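structural data only, the sequence is not supplied:
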């Protein structure tokens, strides 16, 4: 059975709230006593899990990070979700709202995008199995609990998956600098997938060619592009605005 480490206050708390059966061991920082850690301790004891109190050095070593915020959990790793699970999501969702991330390899960016996706009510995030960050501990920490709420689907062939989404009635909108109109001039209602490319490179050619529409974010300043997580948040919440008014 494969295990993984999850650290960070929000990520561990969300794990205990949603999937406590996955948690096998829990470590807390010695000497830290505050409301957040007390809440985590209470959740753990409700499910018969006794937290181990230890030093910062031990937490640093076990998590291989200094960003654990004084809490670390060893848990059973979730099976990777793929094309079959994505189809199951589409089967049970009347008006799917999806986020596609093409080549986002920075775990901080992926975590931030998942956090925005959760806030916007996105049903799922789709990434290619290769050339993409996966659900590691940094992603979970940056996502502050959203990674436990929004499913991440890793697919073998992204362009083929997008064509399959189109066959299922999903409109694919890609963000690209060369687009002839902005997201504010585009229709972002109905079954929808918004595709964002990696920072710097943008969407790959095959991904752009599959998209039903290409949009851009108007830029008024000196910079030519936005961080992918910022651009994702802007695009998702313009879709939220349109879908709320629809």
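Cool, the structure landed. In this text the structure is predicted, and so the values were computed from the model without any measurement.

next, name the residue at the spatial heart of the chain.
Nearest to the mean C-alpha position of the chain, by CA atoms, centre = their mean, lies residue 114 at 2.4 Å.

any chance you could list what contacts stretch 205-218?
100, 102, 158-159, 162-163, 166, 171-186, 195, 197, 203, 226, 231, 234-235 (CB atoms under 8 Å, 6 or more residues apart in numbering). Quick note: C-beta positions are derived from backbone N, CA and C, even for glycine.

strands - which of those land there?
Among these, the members falling in strands (DSSP state E) are 100, 102, 171-175, 195, 197.

for the residues you listed, which two are the farthest from each other?
Pairwise distances across the ones in strands among the contacts of stretch 205-218 peak at 17.9 Å for 171 and 197 (criterion: CB to CB).

those two - which one has more neighbours?
residue 197 (22 against 18; other CB atoms under 10 Å).

is the more buried one in contact with residue 176, as I believe?
Yes - contact between residue 197 and residue 176 holds when scored by CB atoms under 8 Å: they sit 7.3 Å apart.

who touches both of those two?
Joint contacts of residue 197 and residue 176 (CB under 8 Å, 6+ apart) are residue 203.

ChimeraX command for the buried members of the contacts of stretch 205-218?
To isolate the buried members of the contacts of stretch 205-218 in ChimeraX, using 16 or more other CB atoms under 10 Å:
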select :100,102,158,159,162,166,171,172,173,174,175,176,179,183,186,195,197,203,231,235
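
quick one: the closest residue to residue 55 other than its chain neighbours and residue 97, what's the gap?
Leaving out its chain neighbours, the residue that sits closest to residue 55 by CB to CB, 6 or more residues apart in numbering is residue 30, at 5.7 Å. For residue 30, the distance to residue 97 equals 44 Å [CB to CB, to the nearest Å].

who's more crowded, those two?
residue 97 (23 against 14).

how about the strands in the chain?
3-7, 23-29, 52-54, 71-76, 97-102, 124-128, 152-155, 171-175, 192-197, 213-215.

these into a markdown table, with extra columns for mean pLDDT and distance to residue 110?
Converted to a markdown table, the strands of the chain look like this (pLDDT from 0 to 100; distance: least, CB to CB, whole Å):
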| stretch | mean pLDDT | distance to residue 110 |
| --- | --- | --- |
| strand 3-7 | 86 | 15 |
| strand 23-29 | 90 | 23 |
| strand 52-54 | 86 | 29 |
| strand 71-76 | 89 | 19 |
| strand 97-102 | 98 | 7 |
| strand 124-128 | 97 | 8 |
| strand 152-155 | 96 | 8 |
| strand 171-175 | 96 | 16 |
| strand 192-197 | 97 | 11 |
| strand 213-215 | 95 | 21 |
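
cheers, nothing more for now.
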